[in-house]
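Peer 1: based on what follows, work out the 3D shape:
(chains A and B)
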Amino acid sequence: MTIQFTLLFSTLLALISAGVYCYVAWRLSKRVVSSSEGRIAWQSFTIWWYGLAATTLTGGLLNMLGVFGQTSLPLFVTATYINMLAICIALWGLLYYLIYLFTGNSRSRLPLAIFYIIYYFMLVYYITTSIPNDVRVSHWNTTLTFRAPLTGPFFVMIAVLLLLPQIIGGLAYFTLYFRVGEVTQKYRVLLVSWSIIIWFLSPLIALVGGLAQHDWWQLASRLIGLAAALTILMAYLPPHWLKQRYGIISLSDESQEEQKAEFSFSSK
Amino acid sequence: MTSQLNSRLLSSYRRASRVAGGIVLAIGLLVLLGWLLDIPALKSILPHLATMKANTAMAFVLAGISLWLVSANHENQRLDLIARACATLIALIGVLTLSETIFSQDLSIDQLLFKDTIAPESAHAGRMPPVASLNFFLLGFSLLLLDRQKYRRLVEAFSITALLISVLAFLGYAYGVSSLYHFFPYSSLAIHTTLAFLILCAGILFARPEQGLMKVFSSDNLGGVMVRRLMPAALAMPFLLGWLFLTGQRMGLYDSTFRLVLFALSTVVVFAVLIWRNAGLLQSADLVRQQAEAQLGQSEEREAAILYASLDAVITIDHQGRVLEFNPAAQKIFGYDRGEVLGREMSELIIPPSLREQHRAGLAKYLATGEGPVLGKRLELRGMRADGTEFPVELTITVIAGSEQPIFTAFLRDLTQRQQAEEQIAYQAYLLENVNDAVIGSDENSIIRFWNQGAERMFGWKAGEVLGRSGREILRSELINTDLEVVLKILAERGRWKGESIQYRKDGTRVIVEASSITLRDANGRITGYVSVHRDMTEHKQAEEELRKNAARKQALADISGTLATVHLDYQAVLDAAARHTTELIGDACSIRLVSDDGQWLELASLYHPEPKTLAFLREILGTNPLRTDTGSVAQIIQTGRPMLIPVISPEQLKAIVPATAWSILEHISIHSLLTVPLRAQGGVLGTLTLTRDQPDRPYTSEDEAFLQDLADRAALSIANARLYMATQQLNAGLEQRVVERTAALSQANSLLQMMLDNMPDQIYFKDAQSRFIRNSRSQAKALGLSDPAEAVGKSDFDFFPHAQLSYEKEQEIIRSGKPVVDEEERIVWPDGRETWVSTTKIPLPDQSGQIIGTFGISRDITERKRAEVALQKAKLELEAANKELEAFSYSVSHDLRAPLRSIDGFSQALLEDYSDLLPAEGRNFLERVRSSAQHMAELIDDLLNLSKVTRASMKLVSVDLSQLAQGIAAELQRTHAERRLSFNITPNLKAYADPNLLQIVLENLLNNAWKFTSKREQAKIEFGSKHENAETIYFVRDNGAGFDMAYANKLFGAFQRLHAMTEFPGTGIGLATVQRIINRHGGRIWAEGAVGQGATFFFTLPALERAKLKAEPKEEVSLTKRVKEII
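Peer 2: This is a model prediction of the structure:
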């Protein structure tokens, strides 16, 4: 058996990315949010990261199977269905967070859930009707191949539904940059919004421009994802020099400030 | 006849209807998805079949929603509205599409949702078949009118019509007969359209299963059972059998004749079996019914017999409360004939008006809920006879709920007699128990059989303790003036006896009773027992004795009071009289002690003993031994005001309560009983009155104590009166002295006041409540044109001033409110025509009790001051106008001067450049000087213009970053003078709310000055910063340059003022004047500190910044701020 080192590298990268996403999710979940609605929105945001970690981990594990020549079609099809479920849950979390943050409307939770349930079934339907017939091990990833090609208006619609809400949400999020006053908030809005926008815009561009069919795109998209995660991590846990220079506060500083405030309050 | 509906079935049908709605909705959505995504399988199921059009699918979506909503058991008007809106849309789609077909018009609605190419099965692209549009029209109206009872039949007709059309199409598909679903060319009904219609029609019919035709499906009657059993078979079996045999024929298994035979045979068999089974069911049900009827007949006969013979009233009513049965006992009890009550409402007949509503409410509740809390219970309540009289009845109600409507039977028993008897017994028992007398019943052997509460109270024995025991043993009677044998004989002969006896209580004490006994006999005259009534006479006897004693004492008290009254003003005589009378009445010796003036001692005030020798001895001993008020038993008497009685006192006890100093007395006198009472008057204790008894056999009693206290109180009152009389005498003498002194003081104060009123330049006056002068100062009298202040008394402002109303109202307000008016300036026109300004203060004038009785006022003439103010204001206005004029003049002069200066400088330069060779060196030098002077003057003019501009320029206040401005100026200075070694220290982020252009001028001037005056420093330093003092921000520019002498600090900001020589530090001397003017325009201050050779610091403030902070608060939404803070 010949092991493809590019694939192994891609697998490793996926596992690292999953680890980073997971760490981001864990770190964000530690934040104490006082209002119940805000807490739910923040939990949704952490769900996004956990979901992303789950789907990236699944992708990495499938790649690993590909590395070792284990290409069972039923296994890959099942994993794809599960992966899609994780993606839908994660997207629901992200979109709800963005909508709540921008509008303050917490009633969008259920309609969004219904939307993504329908979307999930559309995905399943599409995959099923495209008839997966084989598992292809390429240089950078291991994927399913389908008897019917993954093109056409339905495919475009699915891709748009997958990416466009997040891009719009990210742009709306970015407009908050002009409405917030504190430098920390501006910093976070800037980094998080553009990470999300670039993250979701890049596959759309790749799809339209035909880049997605290239092998290297898999690696590039993975790197973009990893960079986005690291950027968002940096948004909430900025490096020391940034804190020194611009007075930006990290999540851990926030909790310390809150503890100090509580202490001073109780001391009175 | 009404049928009974099965609630479980009703619920199931409604649920099924809702499910039907959901299925139709799902079909519609799936087909729409098919159109959206171009999935043929969703549009036409199979490739060769007709497609369901997008409009059809949309109509099914709407129909599904409408059916779902109308089937749901809700009371939400909004949802109802949605359901109706959907139904209306369906009907509209149907009507419009139908009209398109009928009138061959294209309304462009067929492809509203999706584009459709011309399909071979459709006349027009995207248009639903006419049959489908007809069905939607019918079903839309059905859904719309579903809850309209008036249109119920129409709804059913529409639904069934649509159902038949759909069944027809379905049969066409099932049997392969295309003409059944392919009604017209290009107008096939799709297979899933057909199915959806079938489900929709059934759903609509079952949406209201309790109404119309569907009611029979929900019935629990035999009809309902039969229809539920037979209808599915009748609908399904022929269809299934027909399809089965047709398929067999098509497969070539048999020909059409054989298929018909098979169909007929199987139909016969199937229906025969069905009918057989259901006939068996009907037979069983009929048998059960016959048995029930037979039993019912017997039961009715039995019931009739029971009803007729019953002693209780039995009344049967229906669910509306109308009387169905009224038995003879009921007629007798209530006074009605059966014929007149049957069919009438029972509550109007036999229930009192106060209970009727309760009865009706209970009946209504049972009918609504099936709950009847009184059913089966025995109740006691009031009934009403035909004549309107009310009486107690016992009631039990049963219900027969098996029929369609329940029937109630009431069993009533007249409780009048029983209740009267019970009340009588209860009344008698109550009387017997609660009489004060002791009632004792005993048998012929005197064994106690009855012992009432009065006996318990009188003798102390509880009934449980004495019942069954001998009365002689318990009571131990001592008959007065007779004996037991005689009494028993009298009782045996006469049957009753009455007399007095002494009996003993449980605790052994005696009780004198008046006893009254009677003999009880049986039918044979044999004695069976006795009943005795005992009345306690003890208190009666004691009261008689008490009455006698009280009479004697009242007489004695009256005598003593009379004596005390005659001597009331002679203090010692009162005391002596009290001691003597007391001793004569109840004592052997009496001493009266009074509390000393300092309150510490009880001093002997009076003493009496009938024996002169003893009296002398006691006086000598007691008089020299005063008692302390704070120790021993005396202290207790004085502090509590309560008497002390020691009926029998031993020598030891006596020593315990007598101070040791008085023990010697005790050896010479004998005291066997002691009674001391306080002398109480005016809420205090004046002293004590003590009685002692010489003989041992007559101790003092509590009666003596009460009597003595009464006597002591009277004596104390006399003592207090006597003291008061003496004190009054002394007080009168003191009062007269004080009146003399106060009169002298008042006279002096009055003299001082008069002096002040006569000499004060201010006008002073007192006025009464009606604003009339009481007193005035001489100055005011003079101003009013009077020669003597007294002439103004009794007059008011109205007598001197024609317009005094305002002044009067103000004074009345002061009197009403009690609030003074201080330093009010007013213009006054005096009676002689003079006009003056006065500053007036008026305050309320209270009397000794604090009540306001007038006003007191002082007015000061301020006419001169007022004139000065007016002159000042005028001068200020003139000055401002002159300043403006001067600024305008300066501006125009400066501006106009620039042109000739430019000419002088320009021509001088031209001379130097063009004719330099012709001019001698001195001439060139002069021209250089001319140019230099012209340029300096131009600078001066520029600075003057700037100064003028900053005064005239309009300001636009915005947030200005001063640090940024300073950094820009510093960078420019460093760029133009790169050779200078200088360090700028500028604090970042210094912000102000100011005009940016003017602040630029301020900082340029200050930093340029600092730059200039540090030019001689090797290592120059310039600092721009701020500090906070007294809640304001102070900005400063500091340098280490030449500095200045603080003695000239006030000249720094004047125009053309210079502290250094022009040759040393060039300049115009206008810069700082400009800076000051700008800062002043911002409402700030500027000042400088420095020392010669040690640098200077210029400070300035910009208060506009503080105002701006309030203005510049960000008006963000609170919610957004909160969200951002929480989750960004």
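Peer 1: which strand or helix spans residue 96?
Peer 2: Since no chain was named, I'll use chain A. Per DSSP states H and E: residue A:96 is located in helix A:73-103.
Peer 1: looking at chain B here, not the other one
Peer 2: In this assignment (DSSP H and E), residue B:96 forms part of helix B:77-103.
Peer 1: just checking, what packs against that helix?
Peer 2: Judged by 3 or more Cβ pairs under 8 Å, 6 or more residues apart in numbering or on different chains; DSSP states H and E, the packing partners of helix B:77-103 are helix B:54-71, helix B:130-144. For glycine as for every other residue, the C-beta is placed from the backbone atoms N, C-alpha and C.
Peer 1: now it: how far from the chain's centre is it?
Peer 2: 52 Å (Cα atoms, centre = their mean, to the nearest Å).
Peer 1: just the angle between that helix and helix B:130-144, please?
Peer 2: 150 degrees (axes from the mean of the first three to the mean of the last three Cα atoms, to 10 degrees).
Peer 1: which parts of helix B:77-103 are buried?
Peer 2: Residues B:83-84, B:86-98, B:100-101 are the ones in helix B:77-103 that count as buried (16 or more other Cβ atoms under 10 Å in any protein chain shown).
Peer 1: same question for stretch B:668-681.
Peer 2: B:671-681.
Peer 1: equivalent analysis for stretch B:746-762, please.
Peer 2: Taking 16+ other Cβ under 10 Å as the criterion, stretch B:746-762 shows B:757, B:762 as buried.
Peer 1: go on, stretch B:463-473?
Peer 2: Buried residues in stretch B:463-473, counted by 16+ other Cβ under 10 Å: B:466, B:471.
Peer 1: contacts made by that stretch with the rest, please.
Peer 2: Stretch B:463-473 is contacted from outside by B:440, B:442, B:445-452, B:455-456, B:474, using Cβ atoms under 8 Å, 6 or more residues apart in numbering or on different chains.
Peer 1: for residue A:115, give me the pLDDT.
Peer 2: On the pLDDT scale, residue A:115 is placed at 92.
Peer 1: same check on residue B:447?
Peer 2: pLDDT at residue B:447 comes out at 90.
Peer 1: tally of neighbours for it?
Peer 2: 17 (other Cβ atoms under 10 Å in any protein chain shown).
Peer 1: quick check: it vs residue B:1051, distance?
Peer 2: Look at residue B:447 and residue B:1051: by Cβ to Cβ, to the nearest Å, they are 135 Å apart.
Peer 1: quick check: phi and psi on residue B:1126?
Peer 2: Main-chain torsions, residue B:1126, degrees, to the nearest 10: phi -80, psi -50.
Peer 1: please apply the same query to residue B:311.
Peer 2: According to degrees, to the nearest 10, residue B:311 has phi -80, psi -20.
Peer 1: excluding its backbone neighbours, what's nearest it?
Peer 2: residue B:329 (5.7 Å; Cβ to Cβ, 6 or more residues apart in numbering or on different chains).
Peer 1: in the one helix or strand that neighbour maps to, which residues are buried?
Peer 2: Assigned by DSSP H and E, residue B:329 belongs to helix B:328-334. Within helix B:328-334, the residues scored as buried using 16+ other Cβ under 10 Å are B:329-331, B:333-334.
Peer 1: what sits against the nearest residue to residue B:785 once chain neighbours are set aside?
Peer 2: Leaving aside its chain neighbours, residue B:785 sits nearest to residue B:831 (5.1 Å; criterion: Cβ to Cβ, 6+ apart). By Cβ under 8 Å, 6+ apart, the contact set of residue B:831 is B:784-785, B:800-801.
Peer 1: for residue A:99, state which of these is nearest.
Peer 2: Of all the contacts of residue B:831, residue A:99 sits closest to residue B:801, with 79.4 Å by Cβ to Cβ.
Peer 1: dihedrals phi and psi, the closest one?
Peer 2: phi -120, psi 130.
Peer 1: burial count for it?
Peer 2: Residue B:801 has 17 neighbours, counted by other Cβ under 10 Å.
Peer 1: helix or strand next in line after the strand or helix carrying residue B:899, which one?
Peer 2: Here residue B:899, judged by DSSP H and E, is contained in helix B:863-914. Tracing the chain past helix B:863-914, the next element assigned as helix or strand by DSSP H and E is helix B:921-952.
Peer 1: that next one versus helix B:863-914: what angle between them?
Peer 2: Computed by the same axes, to 10 degrees, the angle between helix B:921-952 and helix B:863-914 is 140 degrees.
Peer 1: what's residue 207 in contact with, if anything?
Peer 2: Unless you meant another one, I'm taking chain A. Contacts of residue A:207 (Cβ under 8 Å, 6+ apart): A:156, A:159.
Peer 1: meant chain B actually
Peer 2: With Cβ under 8 Å, 6+ apart, residue B:207 has these contacts: B:14, B:17, B:67, B:70-71, B:146.
Peer 1: show me where pLDDT drops low in chain A?
Peer 2: Across chain A, residues meeting the criterion (pLDDT under 70) sit at A:1-3, A:254-268.
Peer 1: just want the most central residue of it.
Peer 2: Taking Cα atoms, centre = their mean, the centroid of chain A lies closest to residue A:52, which sits 4.6 Å from it.
Peer 1: before we move on, back to that, dump the buried residues of stretch B:668-681 into JSON lines; add distance to residue B:384 as well.
Peer 2: Compiled in JSON lines, the buried residues of stretch B:668-681 are given as follows (distance: Cβ to Cβ, whole Å):
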{"residue": "B:671", "distance to residue B:384": "84"}
{"residue": "B:672", "distance to residue B:384": "81"}
{"residue": "B:673", "distance to residue B:384": "77"}
{"residue": "B:674", "distance to residue B:384": "78"}
{"residue": "B:675", "distance to residue B:384": "74"}
{"residue": "B:676", "distance to residue B:384": "76"}
{"residue": "B:677", "distance to residue B:384": "72"}
{"residue": "B:678", "distance to residue B:384": "72"}
{"residue": "B:679", "distance to residue B:384": "75"}
{"residue": "B:680", "distance to residue B:384": "69"}
{"residue": "B:681", "distance to residue B:384": "72"}
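Peer 1: now render those residues as TSV, adding distance to residue B:1122, secondary structure and pLDDT.
Peer 2: Converted to TSV, the buried residues of stretch B:668-681 look like this (distance: Cβ to Cβ, whole Å; DSSP: H, G, I helix; E, B strand; the rest coil; pLDDT from 0 to 100):
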residue	distance to residue B:1122	secondary structure	pLDDT
B:671	94	coil	82
B:672	95	coil	84
B:673	92	strand	87
B:674	88	strand	86
B:675	87	strand	88
B:676	84	strand	90
B:677	83	strand	91
B:678	78	strand	91
B:679	82	strand	88
B:680	77	strand	87
B:681	78	strand	83
